[in-house]
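Undergrad: sequence plus the predicted model coming up.
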Amino acid sequence: MVLRLANPTKLGSSWVTASSSATPSSSRQTVRSITTTPNPSFSFRDLVSRRAPEKKQKPDGTPAKEEKSLTQSLREAATRTLFGNRRETELARLRQGMSAADQRKLDQDNLQARALASVDAEGNPLLEGEDADVTGQRAARVAERMATRQQGRLERKKWNGLQRPEHKYSTAAFKISPKKLQLLADQISGRPIDYAILQMQFSPKRAAKRIKSTLCLARDHAVAKGMNRSRLVVDEAWVGKDQLLKKAEYKGRMRMGIRKTYFSHMDVVLRLGKTAKEVQGEKVLKARRMARSVATGGVHRTSAVSGVGGQGRAVQGTAWGY
């Protein structure tokens, strides 16, 4: 027994006709064949137009603003409330994963665009005025800031770096106690550079070899700067503390201590020593002060204090009279 559908079924772009057969021994029906017939009135353009509707446009041809749903508006409001609607978040969302170089280029282009669109007080574009070069202004500010920082550093150190040529050199941090390294700093401080190197050459201390190498490098760098080698003096030498390592030191009877490992470094400043004429002048000034002190008997009268009778006189045995 063969059953055919009286009315064919329309599926997509075809008409479907199904036929089934049944046997006397079984009441089940089995579909034998399905035939399809093309639908001449259906086209692919209808399917595309149904899936992708045309976007709305303004009369001038630009795309119209998309209308937001209530759920989307609430989500954006919650985001602004939680994250403060920060500018960097919006820029990151607009850039959509740009590289760092592309971001810097984009920021520079935006900065130049704003400069082109800006005008001064007279209405002239800033591109033609003195405020147009944004990159040059930034470089000038950086140079001024670095010069101010260098000037402040020289003033804080109080080395008279602007008046007297000098060269500062430092060792790297190495494992040694600051107290042990300070002994070497005291040994070379105030000595001529060649004499200080000679002291480190024959010193039995472990860090003397490192300090000798540091002094040789500092001397060569100072000579490269244009300083006279025969007048170089280690004017200052001091020690600085660095990292301090602590580790457990286990002992007997459930006891434990802490072993400390000290790291320190040394800084030296090379300056030009005084000439023979300057040394002789200082000796003359010192002798003149000594002679003046002997002539006055060591008494230096400063301000008078009121005594008996209202007359001012120096009081013996006090800071004013003795």
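TA: Noted; the coordinates are in hand. Numbering: from 1, shown residues only.

Undergrad: can you confirm Thr172 is in a helix?
TA: One thing to correct before we go on: residue 172 is Ala, not Thr. No - counting by DSSP: H, G, I helix; E, B strand; the rest coil, Ala172 is not found in a helix; it is coil.

Undergrad: cross-check the contact I'm expecting between it and His265.
TA: Yes - in this structure, Ala172 is within contact of His265 by C-beta atoms under 8 Å, at 6.4 Å. C-beta here means a position set from N, CA and C on the backbone, and glycine is covered the same way.

Undergrad: out of these two, which sits in the busier spot?
TA: His265 (18 against 10; other C-beta atoms under 10 Å).

Undergrad: report all helices and strands that the lengthiest strand in the chain contacts.
TA: Taking DSSP state E as the criterion, the chain has its longest strand at strand 232-250. If you count contacts as 3 or more C-beta pairs under 8 Å, 6 or more residues apart in numbering; DSSP states H and E, strand 232-250 packs onto helix 178-188, helix 193-201, helix 208-225, strand 256-272.

Undergrad: what is the third one packed up against?
TA: Spelled out, it's helix 208-225. Packing contacts for helix 208-225, counted by 3+ C-beta pairs under 8 Å, 6+ apart, involve strand 166-170, helix 178-188, helix 193-201, strand 232-250, strand 256-272.

Undergrad: any regions of the stretch 101-250 of the chain where pLDDT drops low?
TA: Applying pLDDT under 70 to the stretch 101-250 of the chain flags residues 115-136, 155-163.

Undergrad: switch to 50 and redo it
TA: The model of the stretch 101-250 of the chain has pLDDT under 50 over residues 129.

Undergrad: counting contacts, what elements does the lengthiest helix in the chain pack onto?
TA: Longest helix of the chain, by residue count under DSSP state H: helix 134-157. Packing partners of helix 134-157 (3+ C-beta pairs under 8 Å, 6+ apart): helix 100-117.

Undergrad: quick one: the helix it packs on to helix 134-157, angle?
TA: 110 degrees (axes from the mean of the first three to the mean of the last three C-alpha atoms, to 10 degrees).

Undergrad: just the CA atoms of helix 100-117, as CSV, please.
TA: Extracted in CSV, the C-alpha atoms of helix 100-117 (Å, rounded to 0.1, in the frame of the first residue of the first chain):
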residue,chain,number,x,y,z
ALA,A,100,52.8,50.4,22.0
ALA,A,101,54.5,52.0,19.1
ASP,A,102,51.2,52.5,17.2
GLN,A,103,49.6,54.0,20.3
ARG,A,104,52.4,56.5,20.7
LYS,A,105,52.2,57.5,17.1
LEU,A,106,48.4,57.8,17.4
ASP,A,107,48.8,60.0,20.5
GLN,A,108,51.3,62.2,18.7
ASP,A,109,49.0,62.6,15.7
ASN,A,110,46.1,63.5,17.9
LEU,A,111,48.3,66.1,19.7
GLN,A,112,49.4,67.6,16.4
ALA,A,113,45.8,67.7,15.2
ARG,A,114,44.7,69.5,18.4
ALA,A,115,47.5,72.0,17.8
LEU,A,116,46.4,72.6,14.2
ALA,A,117,42.8,73.2,15.4
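
Undergrad: I appreciate the help and will end here.
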